[in-house]
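Let's see this in three dimensions:
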Amino acid sequence: MSANTTTSAASAPAVTLTIAGSEATGGAGAQADLKTFQELGVYGITALTCIVSFDPKDSWNHRFVPVDPQVITDQLEAILTAYDLDTVKIGMLGTPATIDVVAKALQDHDWKNLVLDPVLICKGQEPGAALDTDKALKAQILPLATFVTPNHFESMSLSGMDSIETVEDLKEAARRIHEASGAVVLAKGGVRLEGDDAVDVFYDGETMEVLRAPKVGDVAVSGAGCTLAAAITAELGKGATPLEAAKTAKAFVTEGIRNRVSSNAPFDALWQGNAGQGPAL
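This is a model prediction of the structure:
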């Protein structure tokens with residue numbers, strides 16, 4: 001084989017997997033993850049867990065369709081046989097049955113980096129089904145995570161706190177989640193906390209660091225959470241420390257929010273395409 005068709009081991013990209021749902025408008029989910037992976041220079045793979053499409057005729061609420069568990073198992077079998085993977089991001093799983101098959105695949109593999117974006121509420125489900133999914137995620141996936149990236153609501157749920165109003169509250173939530181899971185935590189305050197800055201709290205059991213960036217608007221942007229976790233995954237896959245990965249990811253997301261994409265939907269979407277070139281990095 002000629003040199004033109006051979007990629008040397010030294011120049012080969014890190015390979016990262018996302019186990020996540022498809023979001024039809026392209027702003028979040030597996031679509032956001034793969035775009036982030038590409039922009040940050042890693043080779044991205046996805047195993048789809050569900051299909052989510054917003055319903056324009058019903059206030060843009062979620063329409064949620066799970067992928068058959070055997071199909072998820074088949075995807076993961078092919079992926080984990082084809083590649084020597086040590087880095088994975090977990091996004092929306094959506095049902096206890098999906099969590100069961102994903103947890104088994106994760107447990108059967110040796111992961112250096114397992115980044116969990118703990119999607120606890122799937123808006124396309126009935127409340128009872130959503131609660132069952134939340135419980136299964138906390139019991140079966142959270143203990144496997146090496147890094148977890150909860151948003152404001154998820155930080156309250158995982159920490160058992162009734163409210164998170166201040167940076168000190170967010171620090172306490174990060175501390176509690178780390179103690180419960182053993183994972184590195186990046187608890188996201190985003191636009192939910194008062195003040196001019198979007199604040200996230202990093203805690204790994206020793207280092208507690210507040211990451212700040214000026215807010216870009218005061219409304220959440222679709223795909224920001226997915227992209228943040230995917231960027232952390234990409235950076236960890238390339239060998240960054242958890243804190244380095246968190247800082248790079250926050251800068252990447254801030255620039256992506258600044259370059260947001262508008263549509264006929266009542267929400268904007270983060271754009272990863274210019275994030276790697278922006279001043280924040």
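
what about the helices in this protein?
29-39, 69-82, 96-107, 127-136, 152-159, 167-181, 224-237, 242-258 (DSSP state H).

and these, which one's lowest on average pLDDT?
Ranked by mean pLDDT, the helices of the chain bottom out at helix 127-136, with a mean of 79.

re the thing from before, deepest in the core, which of the helices of the chain is it.
When you average the neighbours per residue for each of the helices of the chain (mean count of other Cβ atoms under 10 Å), helix 224-237 leads with a mean of 29. In short, each C-beta sits where N, CA and C put it, glycine included.

and it, how far out from the chain's middle?
6 Å (Cα atoms, centre = their mean, to the nearest Å).

same question, stretch 93-103
The answer for stretch 93-103 is 16 Å, by Cα atoms, centre = their mean.

Ok, stretch 214-228 next?
Using Cα atoms, centre = their mean, the offset of stretch 214-228 from its chain centre is 13 Å.

ends of that stretch, how far apart?
End-to-end distance of stretch 214-228 (Cα to Cα, to the nearest Å): 16 Å.

contacts for it?
Applying Cβ atoms under 8 Å, 6 or more residues apart in numbering, the contact partners of stretch 214-228 are 20, 25, 27-29, 32-33, 35-36, 91, 117, 149, 151, 186, 188, 190-191, 195-198, 249-250, 252-254, 256-258, 260, 267-270, 272.

related to what we said a few turns ago, would you reformat the helices of the chain as CSV and include distance to residue 62?
CSV is the format used below for the helices of the chain (distance: least, Cβ to Cβ, whole Å):
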stretch, distance to residue 62
helix 29-39, 11
helix 69-82, 19
helix 96-107, 16
helix 127-136, 11
helix 152-159, 16
helix 167-181, 26
helix 224-237, 14
helix 242-258, 22
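
Let me know which of the ones you listed is the nearest to residue 204.
helix 242-258 (5.9 Å; Cβ to Cβ).

Would you tell me which of the helices of the chain gets closest to residue 57?
Comparing those by their distance to residue 57 (Cβ to Cβ), the top pick is helix 29-39, with 21.1 Å.

List of residues touching that closest one?
With contacts defined as Cβ under 8 Å, 6+ apart, helix 29-39 is touched by 16, 18, 20-23, 26, 43-44, 46, 48, 52, 89, 91-92, 223, 226-227, 229-231, 233-234, 252, 270, 272-273, 275-276.

can you tell me which of those residues are in strands?
Mapping the contacts of helix 29-39 onto strands (DSSP state E) picks out 16, 18, 20-23, 43-44, 46, 48, 52, 89.
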